[in-house]
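1. compute the structure for the input listed below.
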Amino acid sequence: MSFEKGNKGDGKHYWLTPLDVYQKLDDEFNFDFDPCPCPLPDNYNGLIIPWGSSNYINPPFRKKDSPFGGPTAFVRKAIEENKQGKSSVLLLPVQSYVNLLLEAGAELRSMGRIKFLDTETKEPQKGPSSICCFILKGN
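-> Modelled structure (predicted):
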């Protein structure tokens with residue numbers, strides 16, 4: 001099974017998942033499909049084909065690195081495949097504080113796109129970001 005997308009000579013630099021990281025996940029999830037194979041076959045688009053029962057996804061980390069879509073597109077596809085009973089394991093970049101909170105046992109809640117208020121005018125933000133609420137509960 002391949003670990004990342006990309007073709008040598010396409011002018012881009014690609015990174016493969018370290019084998020020990022992949023193997024540990026594969027031992028747990030028994031992958032049968034990788035929608036981001038390396039090398040990427042000609043005209044291949046892992047977003048428009050059915051995935052396997054247990055999928056390993058190391059997607060392009062930036063939209064500009066793929067002609068078909070970046071991490072959000074692969075997350076949406078994984079959710080669509082999950083509705084059909086399929087499992088997906090995605091490796092995605094996050095800010096380091098997210099991992100710190102997860103490692104500390106934080107509970108996560110999606111808050112959607114909160115329109116924070118301007119401190120002076122109290123007008124709502126025009127382009128809100130997606131917000132996640134992290135909760136660290138005491139004893």
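2. let me know the helix or strand that the residue nearest the centre of the chain is in.
-> Centroid-nearest residue in the chain, with C-alpha atoms, centre = their mean: residue 92, separated by 4.0 Å. Taking DSSP states H and E as the definition, residue 92 sits outside all helices and strands.
3. wait, doesn't it sit right on residue 71?
-> Yes - counting by C-beta atoms under 8 Å, residue 92 touches residue 71, with 5.4 Å between them. The way it works is simple: take the backbone N, C-alpha and C, and place the C-beta from them, glycine included.
4. can you pull out the strands in the chain?
-> Remark: strands assigned in the chain by DSSP state E are 54-57, 87-90, 107-113, 130-135.
5. how about these in TSV, adding mean neighbour count and mean pLDDT?
-> Formatted as TSV, the strands of the chain follow (neighbours: other C-beta atoms under 10 Å; pLDDT from 0 to 100):
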stretch	mean neighbour count	mean pLDDT
strand 54-57	22	96
strand 87-90	18	97
strand 107-113	10	95
strand 130-135	12	94
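6. distance to residue 80 added to the ones you listed, as JSON lines?
-> JSON lines is the format used below for the strands of the chain (distance: least, C-beta to C-beta, whole Å):
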{"stretch": "strand 54-57", "distance to residue 80": "12"}
{"stretch": "strand 87-90", "distance to residue 80": "10"}
{"stretch": "strand 107-113", "distance to residue 80": "18"}
{"stretch": "strand 130-135", "distance to residue 80": "19"}
